[in-house]
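Visitor: below are the sequence and a predicted model for it; my questions follow.
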Amino acid sequence: MTANPVQRPDRQQSETATETVTEPESELEPVLKSGMTTESGEAITAQSELIGIFYVENRRRKQNIKIMVKLCPDGIYLRRETAENDHINEQLIRIDDIVGSSYGKRLKKRARGGLNSCKSANHEPQEAADEDEEQQQQQQREQQKSTKRRQPGQTQADNSAYLYIYAYLKKEKPLRRVQTLRILRFRTSDHYAENLNTARLWHHTIREHKQRAAGKLARDPGKKLLILLNPKSGSGKGREQFQKQVAPLLREAEAQYDLQITTHPHYAQEYVRSRKDLLERYAGIVVASGDGLFYEVLNGLMERMDWRRACRELSLGIIPCGSGNGLAKSIAHHCNEPYEPKPILHATLICMTGRATPMDVVRVELNHRDKHFVMYSFLSIGWGLIADIDIESERLRSIGAQRFTLWAIRRLITLRCYPGKLFYLPASTKHTEGSAELAAKAATAVESAPESPVETVEPHPVATRTFSEFKDLPDESDVQLRAHESDLDQFADALSMDRSVYRQNGDSWHSAVSRRTAYYSVGGQSTRSNRSRLSVAQRIEAANAEFSQLVPASTMPGLQLPLPAADGWLSEAGEFVMVHAAYTTHLASDCFFAPDSRLNDGLIYLVIIRAGVGRSQLLNFLLSMHNGTHLPVEEDPHIQVLPVRAFRIEPSGSNGILTIDGERVDYGPIQAEVFPGLINVMTNTGQ
Ligand SMILES: Nc1ncnc2c1ncn2[C@@H]1O[C@H](COP(=O)(O)OP(=O)(O)OP(=O)(O)O)[C@@H](O)[C@H]1O
């Protein structure tokens, strides 16, 4: 996957920093019963609010600090009062900043911040609140008593139960997450079991509040996560990174997951495509890898017969272990979350929130070895300069990220222009209607289209962004589909063998050039040789109709067909230095390519650089991509950004590079259209 071709050498990787802090007062002791009746574990039910009074020993001042701890849907309030009662500190650990908690005996390993023993107290809440002094005297008396009871050499048994609260506090300026551990020590009762019940109640209540905070789009807590890890991605340290950075966080979050290590290219795609119980077993799929593996997962899902349900019910997450990591950075940007200097930790935190946001997917059609293919993309399509630098510099991979800079300089010196034709459907056209209507309209226009139907255009003004969603089948259709399941099953195998082969489009499904139609015709007849010809034909017809519901319906005419000007298609013929289409903000973690892009705006940002652009302007463009200031603010004859819903590139000649999500594909005509909000990606916003 691409990284920013040119970086300023002196640029800081990140301005943010994450420090690990355990507050000195992390040992907080309860003095009082919280009013609940202790009982065996199962009976404990979470409560909307829990309050406890705890003490922290302050050795310097030789006194205890009283802290009121309140757990509520907002999070955990810690209210500290000084002995003089004149200074009150309050801190809120937001529920969204808490990743999870655990409870039990004191951890063997001494937590940073200290687990200092402090004095016990057995008061009623009111008394405790009323008299600090009396508490301290009582604590001293208790301690003296217990010291007397103890035999020489005998250590005091610790009946306390501990609650460990794991939080990553979000701080602005610089944007960062501060790892924080809070420990509550429950020792009201002389019996460990009772103290444990109290700790358990707090633990359950935290879980409950977190679950509620995740909202309607929350993942099903009864299902696991599937984590796919590419051990070869990026620097090839995926396994170690997972063990050191991801697994501890998953433990803190009590995440249930299955880990699959990929063994070869296309492993993940095949796994996701073919695993029958995927939806029953998993609530989401997380790839610990670069963008390449995410691409495989997306396309594997789209190859499933139940792709529609899979896209709706499975949320997809990414933990950046690759070299480009454009998607992980785009999601962090969307979430207003830090990325550097610990991208793996930050991305895992996002995946642990349990929330998801719809994200656009782009359907791409292209020719490969004289066959048509359909694939699904989430990042970008590149033709020209950036694709050249990305792919051609592969041979310098051994020198690291510098390869992009070196190759960019080379490309600037020997600047190439590619002749061809660009077609696009500007975002401001009427294409906010449903997919089915559009498909029908496109079909009519295709049939009546003249030879060269698309007009050449002036640069298009930037359109206002409108939120749109992928139009899903109504539930009745799902029911209908199920009713015909037995029929469909007879075709399912045939389909699954050949899912990636191009389908001309919904309207030309019966075309003689469609391999799939031919396959069905033959297969259908042979498997139903005892039925009438009419019946077979009808069945094929029905299966074709059903199948058109089984893949997202394209609104574009097929790749060989002309584009209808009547539907708003515009075109431009000429020489291009680059046409790069992006639908996420970042092409790589250091390449802020389409700053206006949103995860689900239903837009493709076409960045066009025309022949005639000056080298210095181009250099400036490449140098500014890291902070998103590379696009012209005013109208520029050479560099332009167009928000579109679909586009087609028809390169002249056969020499050049085309990339989809950073991977090279065959050079030739290519077209793409956006499907708004088709998948759900893990975010912390849930919208
Ligand atoms: N075990 C494996 N061995 C070799 N290749 C693999 C393996 N598992 C997956 N792959 C392939 O490696 C390709 C690249 O992986 P990935 O995207 O995770 O890393 P990357 O290329 O370093 O990162 P980025 O895509 O962000 O630049 C994927 O397209 C996938 O097909």
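Guide: Done, it's in.
Visitor: got a list of what whichever residue of the chain sits closest to the ligand touches?
Guide: At 1.8 Å from the ligand, G290 is the closest residue in the chain, using C-beta to the nearest ligand atom. The C-beta positions use only the backbone N, C-alpha and C, and glycine is treated the same way. Listed by C-beta atoms under 8 Å, 6 or more residues apart in numbering, the contact set of G290 reads M1, N230, S233, G234, P320, C321, G322, S323, G324, N325.
Visitor: ramachandran coordinates for N336?
Guide: The phi and psi values for N336, taken as degrees, to the nearest 10, are phi 50, psi 50.
Visitor: for the stretch 501-650 of the chain, which segments count as helices?
Guide: With DSSP state H, counting those that start in this stretch as the criterion, the stretch 501-650 of the chain has helices at 515-527, 533-550, 615-624.
Visitor: actually the stretch 51-200 of the chain, not the one I wrote
Guide: 125-130, 132-149, 192-214.
Visitor: restrict the contacts of G290 to those near the ligand?
Guide: Restricting those to those near the ligand by C-beta under 6 Å from any ligand atom leaves M1, N230, S233, G234, G322, S323, G324, N325.
Visitor: tell me where the model's unsure across the protein.
Guide: By pLDDT under 70, the low-scoring segments of the chain are 1-46, 61, 82-88, 108-156, 216-217, 429-534, 540-550.
Visitor: tally of neighbours for A401?
Guide: Close neighbours of A401, defined as other C-beta atoms under 10 Å, add up to 14.
Visitor: would you map the helices across the stretch 251-400 of the chain?
Guide: With DSSP H, counting those that start in this stretch as the criterion, the stretch 251-400 of the chain has helices spanning 267-274, 278-281, 291-302, 307-313, 326-335, 343-352, 385-392.
Visitor: could you dump the ones you listed to CSV with mean neighbour count?
Guide: Below are the helices of the stretch 251-400 of the chain laid out as CSV (neighbours: other C-beta atoms under 10 Å):
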stretch, mean neighbour count
helix 267-274, 20
helix 278-281, 14
helix 291-302, 25
helix 307-313, 20
helix 326-335, 27
helix 343-352, 24
helix 385-392, 24
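Visitor: quick one: closest of those to I649.
Guide: Among the helices of the stretch 251-400 of the chain, the nearest to I649 by C-beta to C-beta is helix 385-392 (11.2 Å).
Visitor: let me know the angle separating the closest one from helix 615-624.
Guide: 70 degrees (axes from the mean of the first three to the mean of the last three C-alpha atoms, to 10 degrees).
Visitor: return the member of the ones next to the ligand among the contacts of G290 nearest to G662.
Guide: Among the ones next to the ligand among the contacts of G290, and counting by C-beta to C-beta, the member closest to G662 is M1, at 3.6 Å.
Visitor: spell out which parts of the stretch 251-400 of the chain neighbour the ligand.
Guide: When proximity is defined as C-beta under 6 Å from any ligand atom, the stretch 251-400 of the chain approaches the ligand at 262-267, 289-293, 296, 322-325.
Visitor: and the stretch 51-200 of the chain, by the same measure?
Guide: Not one residue of the stretch 51-200 of the chain sits near the ligand, judged by C-beta under 6 Å from any ligand atom.
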